[in-house]
Structures are given as C-alpha cells and as structure tokens.
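In: sharing a model prediction with you, sequence too.
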Amino acid sequence: MSTKPADTTPGVSTTGRLAGRLVALGVTGSIAAYKAVELLRLLTAEGADVVVLLSPSATRFVGPLSFAALSRHPVEAELMELLPDGRIGHIVIADSADAVVVAPATAHFLGAMANGLAGDVVTAACLATSAPVVVAPAMDGDMWTHPATQTNVRRLRDDFGYAVVAPDSGPLASGQSGVGRLAELPSIVDAVVVAVDGRPVRQPDTTARPPLAEEPVREADLAGRHLVVTAGGTREPIDPVRFIGNRSSGKMGVAIAEAALDRGATVTLIAADVSVALPGDRARVIRVETTGELRGALLEALFGGSGAPVDARFDALIMAAAVADFTPSRPAALKLARADGLSLELEPTPDLLAEVARIAHGLDSSGAATRQATTPRPVLVGFAAETGSLARASDKLRQKGVDLLVANDVTEAGSGFGTDTNRVVILDADGGETALPLLSKRAVADRLLDRVAATLDARDSGVQTAAMQEPAR
C-alpha cells in the first residue's frame, strides 16, 4: 500500500497515510455520533484535511463546536447554506474531497442513499461526489439484521461501490447485546486509506477546497459570564416623524453579542436602530430608540436602576452602540410644516459610558469616591468612531474610565458604518495598543472577546489571591 504523499501544497500536511488528502466526514443521528470527534482526530493524525458534515439529527447528539475547532473548517449542517464566497458548501466538498466517510451511518442514511434521496448535507454530498465513499453503520442489532437494511447495504456495496465497514458485536444503546456497534475507529481509518490508495489528489489547489475558518474556534471561555452589549444608533426626535441619527447599522454590536453567545456567555443586548437580524431567543434583547431610553435600559440592566450598586449584575459592558452626540432642545409635539422652515437648537446628550464607569467605580459626577464601587469590578469596553486620525482615542479612554477602547477610522474603505469588515485598534488602560488588520466584524468581535475573557480571568485570579493572603480571623 502506498503511503507517499500525493501533494505538497503549502499548508497541507505531507506526513501520514492520508497526507495531502481532503476527507469529508459525514455524521448522522446515531448515539455513536460522539465517537466521530475521535475519528476526526485520527484522520487528522494521518495527515488528512478534514471537513465535517452533520445531518439534522446528528446535531441533536453532537454540536458543531468541537468539530470546527479540530478541523479548522466551518461545519456544514444546513443544505441551503452558502460559503462566505457564495459557493454551495456541500457541492464544493463533493467536488474536492478525496473520500467521503460516513460514520456513524444510520439505517435512515442507508435507506436514503440506496434510493438516491438527498435530504441533508450528508446524503447530498454523497450523491454529488465521484470520490470513493466509506460507510460505517451503527444501529440496534435488529435494525442491522432487518432484510431492508441488509438490502440497502448490498446495493450500496455492490451497485454503488461503497466500502462498508461492518459494525461490531457488543453492548448496544438499547441495553441489549448484538451486532450494531460502530466499528473500531482505526478500522474505519484503514478503510479510508485503502479507498484512496493509488488515486491522485482530486483538488490540490487549497483555494478550491472548502475554506478554513477565518478565526480559530473559541472554547466556551465566557460560560457563567453576563455580558451587556449595546448596538445600533440612537435617534433623537425633531418632531413625531423626523429625527437626528447616525449611520450605524448595528453590525458590530450584534457580531459581538453572537460571538459572546457562542462562547457560552449570558448576553443582554440593548439594541437601538439596527439593520441586521438580532440573536432572538438566545439573548435577552431590549429595544430602545433615544439616548434617554438607552440610558434607562443600561442602568436597569447593569445596576437594577438604582445607580448605587454593591453586587455586580454583569461582568462586562461592551458599548458598541453609536449614541447621538446631540439632541434637539425642544422637540415639536406635532409635525413641522415645510413652509415654516426649520431652525434647530441642539444640546449635547449625556456621556452614557462615562456615567456607567463612574457608578461602577464608586465615583460621583465630580470624580470623588463617595459611594461603594461595584464588586466584582466589571470590565468596561467603549468604541470610538473617528475620522482621519485616531489621535484622540487614548484621551477618550482616560476620560471615559474604561478598560478597553476600540477605535476605528470610519472614513477608511471597508471600515465604516454598514460594512461587513472593520479595521480597529484596541487600546487598554495600561497604555497598550493592538492594531488589527482588516477583518470581518465577527473576527474583530472574537479578538475583542479574547481580551475581555483574559481580563475577567485575571480579575478573578486577583480576587482569589487576595483572599488567600488575608490573615485568618
């Protein structure tokens, strides 16, 4: 059996029996689905580039996070979902994979494939590919021995040329014992090696393969944390039909909320005017319109509305909303007539982030420590949308009393309001500055949350150390 690497494309492994190969791992809804995570590890250890497809029923047994983290590819789970570049995910996989291995394969999968039914990404990829397919069934013993299942297996093996790795005998999920256990994982890997032996790499150009994830998948490092995130732009009424606003779409704030949810956080999202879909039931969503409404929602979410906190109700505030800097002094109760002309007298709106920071730090409006600070100390993050230069950003960080400030030049191409990308500089209270390249707003969100998570961990570690050093009473 040949083990010579078939490809030396940069970024593709050149060691192992599957070096340079793209292997599609299809997982269907069996209780043995958890074993697919270890199978992915074994395939990767043999040098394979692995992309995972989950049937809808498989997602009820295993989530995509572990697969995405180990494979470095986004997981395909929705039949109609497109890749970021607009390509159809399961078709790209079908056209570029050197082998498709379905493990575990349920009786439903066997029946669907034997009859050419493509109802999910796994069956669709198998139906669309000309690559060899390896199937490792797992099910109850009586299901495996049923004539319908055996007929389907024979058709897949004899008519379609699929390699079938028969299940083993042993204890089953039903409590019975018999043939139906997923085959030993090394045997499945061996079957994949045999299936591709002697064949050239189907798609050596990695750009034609399924894309790698833009950012590494984060673990649930915010589990147990409560993050309050603001998003969108506030609107200040001129009259009942007109308002002063800004160009914020809310994309950055919503991306932060979704990234925090994916990392296990409890999220309260206070959303002003936004042009993107909100996370729905995953987060507590509070809708506001004006700066005054945003202030009220913030104080309620953060401090219970008292403005005099003792125990923190949140771990971090990320103030991504674009708050209007001015509001009409005397908004009209009725619609203004065009013929009357319009002259506006404006007054500044309150600096909400600076106010929250003062309350959290136990300071009054003059900066004096006149009340008890919030404990444990929350992490406060602000955003600064600048034009032409970020020179004022460090002064804003100090003035607002925040831990981190995310600054960007909204006049730069791809970095302004409404774009899907952003180029930011993250400043911290110690004087550090981290300039990020142009990234998607989700990638910026994860980079920012890396800093928030690390700051929270350091905070908790400091509290524990201080408690251990206190003399016994």
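Out: Right, received. Where do you want to start?

In: in this protein, where is pLDDT below threshold?
Out: For the chain, residues meeting the criterion pLDDT under 70 lie at 1-14, 174, 305-312, 463-473.

In: any idea how it splits into domains?
Out: 22-208, 226-325+344-464 (automatic domain parsing).

In: rebuild those domains as CSV, extending it with mean neighbour count.
Out: In this view, the C-beta of every residue, glycine as well, is placed from N, C-alpha and C. Below are the domains of the chain laid out as CSV (neighbours: other Cβ atoms under 10 Å):
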stretch, mean neighbour count
domain 22-208, 19
domain 226-325+344-464, 18
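
In: pipe those into CSV and attach distance to Ala332 per row.
Out: Formatted as CSV, the domains of the chain follow (distance: least, Cβ to Cβ, whole Å):
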stretch, distance to Ala332
domain 22-208, 46
domain 226-325+344-464, 4
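
In: strands of the stretch 1-150 of the chain, start to end?
Out: Applying DSSP state E, counting those that start in this stretch to the stretch 1-150 of the chain gives strands spanning 22-27, 49-54, 99-105, 133-137.

In: from the chain's centre, how far out does the shortest one sit?
Out: It stands for strand 133-137. 30 Å (Cα atoms, centre = their mean, to the nearest Å).

In: next, the angle from it to strand 22-27.
Out: Orientation check (axes from the mean of the first three to the mean of the last three Cα atoms, to 10 degrees): strand 133-137 against strand 22-27 gives 30 degrees.

In: partners of strand 133-137, with directions?
Out: strand 99-105 (parallel), strand 163-164 (parallel) (DSSP bridges).

In: so which of those comes closest to Leu317?
Out: Across those, Leu317 has its closest neighbour in strand 99-105 (44.4 Å, Cβ to Cβ).

In: need the contact partners of that closest one.
Out: Applying Cβ atoms under 8 Å, 6 or more residues apart in numbering, the contact partners of strand 99-105 are 21, 23-28, 30, 32-33, 35-36, 39, 43, 93-94, 109, 122, 125-126, 129, 131-138, 165, 182, 188, 191-192, 195-196.

In: that strand versus strand 49-54: what angle between them?
Out: Calculated by the same axes, to 10 degrees, strand 99-105 forms an angle of 40 degrees with strand 49-54.

In: hmm, back to that, tell me which of the strands of the stretch 1-150 of the chain sits nearest to Asp430.
Out: strand 49-54 (40.3 Å).

In: packing partners of the closest one?
Out: strand 22-27, helix 35-45, helix 64-71, helix 89-96, helix 121-128 (3 or more Cβ pairs under 8 Å, 6 or more residues apart in numbering; DSSP states H and E).

In: what pairs with the first one, parallel or antiparallel?
Out: Under the criterion DSSP bridges, strand 22-27 sits next to strand 49-54 (parallel), strand 99-105 (parallel) in its sheet.

In: just send the ones you listed back as TSV, with distance to Arg218 too.
Out: Output for the strands paired with strand 22-27, formatted as TSV (distance: least, Cβ to Cβ, whole Å):
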stretch	distance to Arg218
strand 49-54	18
strand 99-105	27
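
In: among those strands, which is nearest Asp205?
Out: Per Cβ to Cβ, nearest to Asp205 of those: strand 49-54, 12.4 Å.

In: Leu380: what's it in contact with?
Out: If you count contacts by Cβ under 8 Å, 6+ apart, Leu380 has them with Ala316, Leu317, Met319, Leu353, Val356, Ala357, Ala360, Lys400, Gly401, Val402, Asp403, Leu404.

In: just the ones of the residues you listed in strands?
Out: Ala316, Leu317, Met319, Leu404 (DSSP state E).

In: can you tell me which of these is closest to Pro376?
Out: Closest to Pro376 out of these is Ala316 (11.0 Å), distances taken as Cβ to Cβ.

In: contacts only, for the closest one.
Out: By Cβ under 8 Å, 6+ apart, the residues touching Ala316 are Arg225, His226, Leu227, Val228, Pro378, Val379, Leu380, Val381, Val452, Leu456.

In: just Ala69 next, same as before
Out: Pro216, Val217, Glu219.

In: what about 6 Å?
Out: Val217 (Cβ atoms under 6 Å, 6 or more residues apart in numbering).

In: from Glu214, how far off is it?
Out: Using Cβ to Cβ, to the nearest Å, we find Ala69 at a distance of 14 Å from Glu214.

In: hang on, the earlier thing: ok, which of the domains of the chain comes nearest Leu334?
Out: Nearest of those to Leu334, taken as Cβ to Cβ: domain 226-325+344-464 at 6.7 Å.

In: spatially nearest residue to Ala407 (excluding sequence neighbours)?
Out: Ala393 (3.8 Å; Cβ to Cβ, 6 or more residues apart in numbering).

In: from Asp351, how far off is the one you found?
Out: For Ala393 relative to Asp351 (Cβ to Cβ), the value is 15 Å.

In: what's the answer for Ile359, then?
Out: Distance from Ile359 to Asp351, by Cβ to Cβ: 12 Å.

In: and what of Val285?
Out: Separation of Val285 from Asp351 (Cβ to Cβ) stands at 24 Å.

In: next one: Gly16
Out: Counting by Cβ to Cβ, the gap from Gly16 to Asp351 is 58 Å.

In: residues contacting the residue nearest to Ala407?
Out: With Cβ under 6 Å, 6+ apart, Ala393 has these contacts: Ala384, Leu405, Ala407, Leu427.
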